[in-house]
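Trainee: Sequence below, structure please.
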Amino acid sequence: MPQGDADDVEDSSISGSLHALRRQLVAVQQQFETHEHRKARREWVTIAGIFITAAFALGQGIVFCLQLAEMKSAAVQTNKAIEMSNRIASAAVRANELAEEANRPWIGATGRADASPPPTDGKPFEATLYIINAGKSPAYVTAFKASARTFASFPDDPPYALSPGEPATPSHSIVEPGQVIVAPFAVGAMDEPTITAIKAGIVGHYIYGEVTYEDIATKQAHVTHICYIYRPDFGIYANCTKYNDAN
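Mentor: Numbers count the residues shown, from 1 in each chain. Below is the predicted model of the structure:
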């Protein structure tokens, strides 16, 4: 083969190799660019996913806060409604109690106690207590105790003793509104030293009593205490400063 033709063939072979190498480089570059593009796209997708997730979480948080505020508001309103219902119920109960109190029987003292003859005469005498139903409904009296004694100071829980001829089991009676019950009982004569002490104000002579009764309508039991002290300067019995109470 002539030398010129051999050179041409060699040049052609080199050129073909260069073109092939160039194509390979271009292909590698395209593959690299495609890989980088995919990588960048994945990164953007990842970032976008993060932002979307964060936005969704923020939205969920806002919705939760709104729901929580609504629940708290509803709870406050519910508590207010319950409180108001309790107040209404309490007011209704109190109104019923007041109505029962207004219509119940009330056994109390009339403000009068008698002794005949006067206890300082040194003779046996008859003491009398008076009670009245000042309420609006009948009372069922289950016990009415009365006594007359001398004390230096009236006790908190005074003693009671049966008068001569008084039965051990008290009689029961119904007392209508406005009705007065009279309870007379016999008292023995006091000795001279006791009479002198009463007149000097060293001791006091008392007529006192206890009434136990029930409200006929409700069967509720009640107790009334009555107490009077003798005033020798006026010859009358006056209300004691204690043991005059009722429930």
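Trainee: Let me know the distance separating the residue positioned nearest the centre of the chain from Glu83.
Mentor: Centroid-nearest residue in the chain: Ser90, 9.0 Å away (criterion: CA atoms, centre = their mean). Shown here: Ser90 relative to Glu83, a distance of 11 Å by CB to CB, to the nearest Å. The C-beta positions use only the backbone N, C-alpha and C, and glycine is treated the same way.
Trainee: residues contacting Ile131?
Mentor: Under the criterion of CB atoms under 8 Å, 6 or more residues apart in numbering, the contact partners of Ile131 comprise 107-110, 144, 175, 180-181, 183, 209, 211, 224, 226.
Trainee: same thing but 6 Å
Mentor: Counting by CB atoms under 6 Å, 6 or more residues apart in numbering, Ile131 makes contact with 107, 181, 211.
Trainee: Over to Ser173?
Mentor: Taking CB under 6 Å, 6+ apart as the criterion, Ser173 is in contact with Val141.
Trainee: And the protein, what are its domain boundaries?
Mentor: Under automatic domain parsing, the residue ranges defining each domain of the chain are 1-103, 107-246.
Trainee: Turn these into JSON lines, columns for mean pLDDT.
Mentor: Formatted as JSON lines, the domains of the chain follow (pLDDT from 0 to 100):
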{"stretch": "domain 1-103", "mean pLDDT": "70"}
{"stretch": "domain 107-246", "mean pLDDT": "91"}
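Trainee: Point out the most buried one among the ones you listed.
Mentor: Counting by mean count of other CB atoms under 10 Å, domain 107-246 has the highest mean neighbour count of the domains of the chain, with a mean of 16.
Trainee: And that one, end to end?
Mentor: Terminal residues of domain 107-246 lie 8 Å apart, using CA to CA, to the nearest Å.
Trainee: Let's verify Ile52: helix, strand, or coil?
Mentor: In terms of secondary structure, Ile52 is helix; the call rests on DSSP: H, G, I helix; E, B strand; the rest coil.
Trainee: tell me the contacts of the closest residue to Glu176 other than its chain neighbours?
Mentor: For Glu176, ignoring the flanking residues on the chain, the nearest one in space by CB to CB, 6 or more residues apart in numbering is Pro138 at 5.3 Å. Taking CB under 6 Å, 6+ apart as the definition of contact, the neighbours of Pro138 are 174, 176, 216.
Trainee: Is the last one in contact with Tyr140, as I believe?
Mentor: Spelled out, that is Ile216. Yes - judged on CB atoms under 6 Å, Ile216 makes contact with Tyr140 at a distance of 5.3 Å.
Trainee: okay, and the common contacts of the two?
Mentor: Taking CB under 6 Å, 6+ apart as the contact rule, Ile216 and Tyr140 touch no residue in common.
Trainee: Other residues contacting stretch 194-209?
Mentor: Stretch 194-209 is contacted by residues 113, 119-120, 127, 129, 145-146, 148-150, 152, 154, 158, 226-230, 232, 237 when judged by CB under 6 Å, 6+ apart.
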